[in-house]
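**Student:** Need a 3D model of the following:
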Amino acid sequence: MESFYSFSKVVVSEEHCRGLACYVARSLNPKAWEMAVRQEPPTYCLGKCYVGPSSSRTSGVPHIEVRSSRAVVLRHIVKGPVSSLGQYLELGGMRGLEKALRMTQAEVIEEVKRSQLRGRGGAYFPTGLKWESAYQQRAPQKYVIVNGDEGDAGAYVDKLLMWWDPYLVLEGALIAAYAVGASKVYFYIRREYPEAVASVRRAVKELYEAGYAGPAASKGLPVEVEVHVGRGSYVVGEETAMINAIMGRRPEPTPRPPYPTERGLFGMPTVVNNVETLSSVPWIVEHGGDEYAEMGYNKSRGTKVLSLNSLFERPGLYEVEFGVPLKEVVYDMGGGLKGGRRLKGVIVGGPLASFIRPEELDVRLGVEELREIGASLGHGNVIAFSDDTSLLELLHEIVHFAAFESCGKCFPCRLGTARADEILEAALGRGYLTPEEADELKSIATVMRSASLCGHGQGTGDAILSFLAKGADEMVRG
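**Tutor:** Residues are numbered from 1 along each chain as shown. Coordinates of the predicted model:
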């Protein structure tokens, strides 16, 4: 089982990021990218996509801006880091938890349902319904897992929230624990985020000492909080794989049903929410679900934090309301590309996602709206690439990553990513795909998208089909 993790027994003094956001920005620092390609095992995303290509020693902080009518998730860190529980309380922190504890569990869940909050980790399942499912289970123990394994290249909102505002994330987790009747909260944080790990651990200690959490809590909720640190696996971000990882098992996805809310960690009902999702909860409970639902567009309500990569003129975190046109994100917020580079496309929610052409940027930011053009929202990471980027090389980079990170449990993903990587590797040698190779890739991707066990294989299939549909003129000859 130890061999499953890339970094279970490996120590690299300086890690260089080989994530997709750094790949498309490699011209900004070719030497750093060369180091990333040579590194074994590779590190896929350090969460420093705003200064990529980056290494573990790269410093700098992103630009942070609120563009929504009400600041929800970034309301504290837009002014800077929250460095202590005392500072958090001065900012109005814990009001959501205090209000929740005056309500019944069912009332808290109903408020979250009224907000129409959906999980911000990629699946966008209604948070209130997930909580309600766990609440309705009869069991001696229940758990909440904070998914801090934000592994998608280009995404770094969860990292910044855990690093700069861990108290907000913890408050949301405690509200979730109260609502569903959980006795313990687990944080699972990527090993590539050491700053976040240290910050969360410090915040947990402060909450225990102040009586907001822990067995002897007097002001908050008597639940334990335990921090787990990853060891280098992308697939562990999938909720059932994460549950297996915490239990010390091989971190592979498991078929559903039963769902984690029915039978999860140690066989008990478990709610798994990502960091940004839980960071929205204190505001919702304090101000009301209806007020939160006033923001947004169509079925996507509230706000979303977007992570813009370093190729933008103004990379950083932007909290927006759903419904904003993607063109506004790219050109108004991001300022277009650095150095006057010409935009060739963007990948939203990648790396395992479809790409969006410049002529499609009028699409509004929303789960269903992006699906209509064959794209997805994912974590809200927006990776821009310029017109000097080869689509064939870009697709190969995506598929090579997918093959490396495949857990191997299901045949469509294990065999499909490996074979697709072989085809693209051969095509790179001549500079194009043959029609026969393109047909085989399409066949592989179709099976992966429909038959893979989790989003890893499904997303890889989406990416391949998108590139073949939108980039065949450039990629295929003969």
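**Student:** Would you confirm that T58 belongs to a helix?
**Tutor:** No - applying DSSP: H, G, I helix; E, B strand; the rest coil, one finds T58 to be coil, outside a helix.
**Student:** surely it meets Y50?
**Tutor:** No - the pair T58 / Y50 is not scored as a contact, 10.0 Å apart, by CB atoms under 8 Å. Every C-beta, even on glycine, is put in place using the N, C-alpha and C of the backbone.
**Student:** Between those two, tell me which one has more neighbours.
**Tutor:** Set T58 next to Y50 and count neighbours by other CB atoms under 10 Å: Y50 wins out with 25 against 17.
**Student:** Enumerate every residue touching that one.
**Tutor:** 60, 62-63, 156, 307-310, 315-316 (CB atoms under 8 Å, 6 or more residues apart in numbering).
**Student:** can you give me the strands in the protein?
**Tutor:** For the chain, the strands defined by DSSP state E occupy 63-66, 143-148, 184-189, 224-229, 270-274, 296-297, 300-301, 303-308, 316-321, 343-348, 355-356, 381-386.
**Student:** Let's have these in CSV, adding distance to P42 and mean pLDDT.
**Tutor:** Below are these laid out as CSV (distance: least, CB to CB, whole Å; pLDDT from 0 to 100):
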stretch, distance to P42, mean pLDDT
strand 63-66, 28, 98
strand 143-148, 21, 99
strand 184-189, 20, 98
strand 224-229, 19, 98
strand 270-274, 24, 98
strand 296-297, 37, 98
strand 300-301, 34, 98
strand 303-308, 21, 99
strand 316-321, 25, 99
strand 343-348, 19, 98
strand 355-356, 22, 94
strand 381-386, 18, 98
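**Student:** a markdown table please, covering those strands and showing mean neighbour count and distance to Y432.
**Tutor:** Formatted as a markdown table, the strands of the chain follow (neighbours: other CB atoms under 10 Å; distance: least, CB to CB, whole Å):
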| stretch | mean neighbour count | distance to Y432 |
| --- | --- | --- |
| strand 63-66 | 16 | 39 |
| strand 143-148 | 27 | 40 |
| strand 184-189 | 23 | 42 |
| strand 224-229 | 18 | 43 |
| strand 270-274 | 27 | 39 |
| strand 296-297 | 18 | 40 |
| strand 300-301 | 22 | 38 |
| strand 303-308 | 27 | 31 |
| strand 316-321 | 23 | 37 |
| strand 343-348 | 25 | 17 |
| strand 355-356 | 24 | 18 |
| strand 381-386 | 28 | 19 |
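**Student:** Is there a neighbour count for Y259? I'd like the number.
**Tutor:** 17.
**Student:** can you tell me how far the nearest residue to T277 once chain neighbours are set aside sits from C45?
**Tutor:** If the residues on either side of it in the chain are set aside, T277 comes closest to R120, at 4.7 Å by CB to CB, 6 or more residues apart in numbering. Computed as CB to CB, to the nearest Å, the R120 to C45 distance reads 17 Å.
**Student:** Low-confidence ranges, the chain, go.
**Tutor:** 1-10 (pLDDT under 70).
**Student:** Check the gap between Y143 and I189 for me.
**Tutor:** From Y143 to I189 the distance is 16 Å (CB to CB).
**Student:** What segments of the stretch 351-478 of the chain are helices?
**Tutor:** For the stretch 351-478 of the chain, the helices defined by DSSP state H, counting those that start in this stretch cover 367-372, 391-405, 411-430, 435-451, 455-475.
**Student:** hey, C-alpha coordinates of the longest one in CSV?
**Tutor:** Output of helix 455-475 as CSV, limited to C-alpha atoms (Å, rounded to 0.1, in the frame of the first residue of the first chain):
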residue,chain,number,x,y,z
GLY,A,455,-14.1,11.4,-12.2
HIS,A,456,-10.5,10.7,-13.0
GLY,A,457,-11.2,8.4,-15.9
GLN,A,458,-14.4,10.2,-16.8
GLY,A,459,-12.7,13.6,-16.9
THR,A,460,-9.8,12.3,-19.0
GLY,A,461,-12.3,11.0,-21.5
ASP,A,462,-14.0,14.5,-21.6
ALA,A,463,-10.6,16.2,-22.2
ILE,A,464,-9.7,13.9,-25.1
LEU,A,465,-13.0,14.2,-26.8
SER,A,466,-13.0,18.0,-26.4
PHE,A,467,-9.6,18.3,-27.9
LEU,A,468,-10.5,16.0,-30.8
ALA,A,469,-13.8,17.9,-31.5
LYS,A,470,-12.4,21.4,-31.2
GLY,A,471,-8.7,20.9,-32.3
ALA,A,472,-8.9,18.3,-35.1
ASP,A,473,-7.9,20.8,-37.8
GLU,A,474,-4.6,21.4,-35.9
MET,A,475,-4.0,18.0,-34.5
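**Student:** What residues of it count as buried?
**Tutor:** 455-468, 470-471, 475 (16 or more other CB atoms under 10 Å).
**Student:** again with stretch 31-48
**Tutor:** By neighbour count with 16+ other CB under 10 Å, stretch 31-48 contains the buried residues 32-33, 35-36, 39, 42-48.
**Student:** same check, this time on stretch 151-164
**Tutor:** 151-164.
**Student:** Turn the residues you listed into JSON lines, including distance to E262.
**Tutor:** Converted to JSON lines, the buried residues of stretch 151-164 look like this (distance: CB to CB, whole Å):
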{"residue": "G151", "distance to E262": "26"}
{"residue": "D152", "distance to E262": "27"}
{"residue": "A153", "distance to E262": "32"}
{"residue": "G154", "distance to E262": "33"}
{"residue": "A155", "distance to E262": "29"}
{"residue": "Y156", "distance to E262": "32"}
{"residue": "V157", "distance to E262": "29"}
{"residue": "D158", "distance to E262": "26"}
{"residue": "K159", "distance to E262": "31"}
{"residue": "L160", "distance to E262": "33"}
{"residue": "L161", "distance to E262": "29"}
{"residue": "M162", "distance to E262": "28"}
{"residue": "W163", "distance to E262": "33"}
{"residue": "W164", "distance to E262": "35"}
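**Student:** I'm done for today, thanks for sticking with me.
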